[in-house]
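# sequence plus predicted model, see below.
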Amino acid sequence: MKKLTCLVALFAAYSLSTTVAAAELTVKAGQSIQDSVKKAKDGDTILVEPGVYTESIYIDKQNITLKSTRKGEAVLDGENKRNDGIIASGHGVVIDGFMVKGYKGNAIMTQGSNNFKIINNEVSGAFYAIFPQFGKNGLVQGNEVYGCEDAGIYVGMSDNINVLDNVAHGNVMGLEFENTRNALMAGNKVYNNTAGIMLSLIPGLPVKDSQYVVIRDNEVYDNNLKNFAPASSIAAGVPSGLGILVVGYDDATIENNLIKDNQGIGIFVVDNVTFGMADDPKVDPYPDNARIMKNTFVNNGEKPEGLLADFIAPAGRVGFEVVSTGKGKGHCSVKQEGVDMLGTNRWGVCDSSMSKADYKTAMLDKPAPSEPFSAEQRGRLTYLAVCTGCHTYSSVLHGPSIQSIQAMYGKDVNALAKFIANPVRKRTDFAEMPPQAYLGDETIKAISHYILNDVNQ
C-alpha cells in the first residue's frame with residue numbers, strides 16, 4: 001500500500017510539473033493583434049498596449065482574454081472600410097477595455113460563444129456596436145455605445161445573459177433582446193436613441209421564441225432621435241419617441257425603471273402583426289404575460305408621431321405612459337396614480353409575488369458546457385456572423401445574393417475561398433467587398449463549403 005501511495009504521489013507531481021501555464025502575450029503599437037491571436041493557445045491572455053490598430057480580429061480559440069492595458073487607449077479603427085472589429089466564436093472569451101470605431105458591420109460580436117464577457121469597452125458607430133448571438137451564459141457590462149444604425153447592444157438568440165451598467169445613446173435602438181430567453185437588463189443608462197429598449201420576437205430566425213426577461217432599474221429617457229437606420233433593415237420601422245418597446249415577447253417583467261421624456265410612448269406592448277412583421281407559422285406573434293410593475297413615469301407620450309400618433313388618434317388625446325395593442329394574454333400592471341394607459345382594459349393587476357426587484361442574475365451558477373466547434377459548425381456560425389450582414393439568400397442587400405454566388409462558383413470551394421480572402425471587384429453596381437483574410441484559411445474554406453453546399457434559404 002505504501003508503494004502504491006508513493007507511485008500516486010510521484011504521478012501527481014509529474015502531472016503538475018508538465019502542465020503548461022497560461023501565457024500572456026503583449027501587443028505593442030504598430031504590431032498586429034491578430035498575429036498574437038494566431039500565436040495564442042487556449043487560456044492565454046493577450047494584453048494590448050495603447051495605440052491605433054487598423055485591422056479586424058477573429059478569435060476561434062477557447063478562454064482567450066483580449067484586454068487593453070489602459071481602458072479606451074487601445075483603439076481599433078475600421079477606417080470606415082472594414083466590416084467587423086472583433087468577432088469571437090471561441091468559448092470563454094473576454095473582451096475588455098477597447099475603443100472600437102469606424103466599422104461598418106459588427107464592432108464587437110460573439111457568434112456561438114458561451115461563457116463570454118464583453119466589458120468596459122467604448123464603441124462608436126457600426127451597424128451593431130456589441131452583438132452576442134447564439135450564446136449561453138454571457139455578460140455585457142460597463143460599455144458605452146453610440147452612433148449605431150441598428151442597436152447599440154443587441155443580444156440575439158441567446159440564453160442566460162446579463163446586460164448590466166452600460167450607457168447607450170445616439171443609436172436607433174439603445175439596447176435590444178431579440179429571440180432571447182432568460183436574460184436580465186439592469187442598471188443601464190439609455191438616452192437620446194430612437195427607441196430606448198426593445199424586446200423583439202423576430203420571425204424567420206432559427207430560434208422561434210423569446211421569453212423570461214427582466215428589465216429593471218434602468219434610466220430610459222429622452223429617446224426621441226430621428227430614425228436613421230438603412231431603409232432595408234427591420235430597424236427602419238421603429239418609431240421615434242419610444243422608451244421601452246415590447247414586440248411579440250413573452251414573460252417580460254419591467255420594474256423600477258425611470259422612464260422619462262419619451263415623446264411617443266413610455267412602454268408600448270405590441271404584437272408582431274400590428275408592428276408589420278412577416279408571418280412565421282412557427283412563431284406566436286402575440287406577446288403574453290407582460291408584467292408592468294412599479295416604475296417611475298415622467299412626461300411621456302406628449303408628442304407621438306407617425307405610427308404611434310395613428311395608433312393613439314382614436315383616443316382623442318395624448319400623454320399615455322403605457323399602450324398595448326390589446327392582443328395577447330396574461331398581461332398585468334400595478335396601479336399607479338397618474339399613469340395613463342391605453343388598450344389595457346383586459347389586463348389584470350400584478351401582485352407583489354411577481355416582483356423581480358431582487359433578481360440579481362440570469363447567468364448560470366457554473367459555466368455552460370461548451371465543446372469546440374467542428375469545421376461545419378464554424379463555417380455556419382461565421383457565415384451568419386460575417387456574411388449575412390451583406391448577403392441574403394435570394395435577394396440583393398449590400399452585395400449579390402447567395403443564389404447568384406452559388407451559380408457563379410458551383411462546387412469550387414477553393415475558388416470562392418480565394419475570393420473571400422482577397423476579393424477583386426467584379427461588378428460596379430455593388431460596393432467593394434472588404435478582404436476577409438483575417439478569418440484564416442481553415443475558417444474561410446469552411447465558410448465557402450457551407451455557402452456552396454448547405455445554404456438554401
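Thanks, I have the structure now. Just so we're clear, the structure is a prediction, and the values are computed from it rather than from any experiment. Numbers count the residues shown, from 1 in each chain.

# give me the mean pLDDT for stretch 326-341.
The average pLDDT within stretch 326-341 is 93.

# end-to-end on it?
The first and final residues of stretch 326-341 sit 11 Å from each other (C-alpha to C-alpha, to the nearest Å).

# next one: stretch 228-245
Using C-alpha to C-alpha, the end-to-end distance of stretch 228-245 comes out at 18 Å.

# next, the buried residues of that stretch.
Neighbour-count burial for stretch 228-245, counted by 16 or more other C-beta atoms under 10 Å, picks out A229, I234, A235, V238, P239, S240, G241, L242, G243, I244, L245. All C-beta spots, glycine's among them, are computed from the backbone N, C-alpha and C.

# of the residues you listed, which is the nearest to C332?
Proximity of the buried residues of stretch 228-245 to C332 (C-beta to C-beta) peaks at I244, which lies at 16.0 Å.

# circling back: now, the buried residues of stretch 228-245 that are in strands?
L242, G243, I244, L245 (DSSP state E).

# residue contacts, the third one?
It stands for I244. Going by C-beta atoms under 8 Å, 6 or more residues apart in numbering, I244 touches G196, I197, M198, L199, I215, V220, I254, N257, I259, G266, I267, F268.

# save those as JSON lines, and put in secondary structure too.
As requested, the contacts of I244 are arranged in JSON lines below (DSSP: H, G, I helix; E, B strand; the rest coil):
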{"residue": "G196", "secondary structure": "strand"}
{"residue": "I197", "secondary structure": "strand"}
{"residue": "M198", "secondary structure": "strand"}
{"residue": "L199", "secondary structure": "strand"}
{"residue": "I215", "secondary structure": "strand"}
{"residue": "V220", "secondary structure": "strand"}
{"residue": "I254", "secondary structure": "strand"}
{"residue": "N257", "secondary structure": "coil"}
{"residue": "I259", "secondary structure": "strand"}
{"residue": "G266", "secondary structure": "strand"}
{"residue": "I267", "secondary structure": "strand"}
{"residue": "F268", "secondary structure": "strand"}
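
# which members of the buried residues of stretch 228-245 are the farthest-apart pair?
Spatial extent of the buried residues of stretch 228-245 (C-beta to C-beta) is set by the pair I234 and G243 at 19.4 Å.

# is I312 part of a helix or strand, or is it coil?
Three-state call for I312 (three-state DSSP): helix.

# let me know whether it touches V323 as I believe.
Yes - in this structure, I312 sits in contact with V323. The criterion is C-beta atoms under 8 Å, and the distance is 6.8 Å.

# ok, the two, which is more surrounded?
More crowded of I312 and V323, by other C-beta atoms under 10 Å: V323, with 26 against 20.

# and the pLDDT for the more buried one?
In this prediction V323 is given a pLDDT of 96.

# helix or strand for it, which one?
Per DSSP states H and E, V323 falls inside strand 322-324.

# partners of that strand in the sheet?
Partner strands for strand 322-324, per DSSP bridges, with pairing direction: strand 265-270 (parallel), strand 341-342 (parallel).

# re earlier: which of the buried residues of stretch 228-245 has the weakest pLDDT?
Looking at the buried residues of stretch 228-245 by pLDDT, the weakest one is I234, with 81.

# how much space separates that one from L25?
Taking C-beta to C-beta, to the nearest Å as the measure, I234 falls 40 Å from L25.

# then I215?
The gap separating I215 from L25 is 39 Å, by C-beta to C-beta.

# neighbour count for these two, which is higher?
Higher neighbour count among I215 and L25: I215, with 28 against 17, using other C-beta under 10 Å.

# partner residues bridging the more buried one?
M185, I254.

# okay, it: pLDDT?
Predicted confidence (pLDDT) at I215: the value is 98.

# equivalent analysis for the one 5 residues further on, please.
pLDDT, the model's per-residue confidence, is 98 for V220.

# contacting residues around it?
V220 is in contact with G174, V190, Y191, G196, I197, G243, I244, N257, L258, I259, K260, N262, counting by C-beta under 8 Å, 6+ apart.

# switch the cut-off to 10 Å
When contacts are counted by C-beta atoms under 10 Å, 6 or more residues apart in numbering, V220 is found next to 168, 174-175, 188-191, 193, 195-197, 242-244, 254, 257-262, 266-267, 295, 300.

# same question, T26
Residues near T26 by C-beta under 10 Å, 6+ apart: S36, T45, I46, L47, V48, E49, T69.

# touching, the second one and V27? I think so.
Read it as T45. No - with contact defined as C-beta atoms under 10 Å, T45 does not count as touching V27 (11.1 Å).

# so which of the two has more stuff around it?
Using other C-beta under 10 Å, the more surrounded residue of T45 and V27 is V27, with 22 against 17.

# who's the more buried one bridged to?
In this structure, V27 bridges to V48 when assessed by DSSP bridges.

# what distance do you get for it to Q34?
Counting by C-beta to C-beta, the gap from V27 to Q34 is 9 Å.

# mutual contacts of these two, please.
Residues touching both V27 and Q34 (C-beta under 10 Å, 6+ apart): Y53.

# tell me where the stretch 251-400 of the chain has strands.
Listed from the start of the chain, the stretch 251-400 of the chain has strands (DSSP state E, counting those that start in this stretch) covering 258-260, 265-270, 291-292, 296-298, 322-324, 332-333, 341-342, 348-349.
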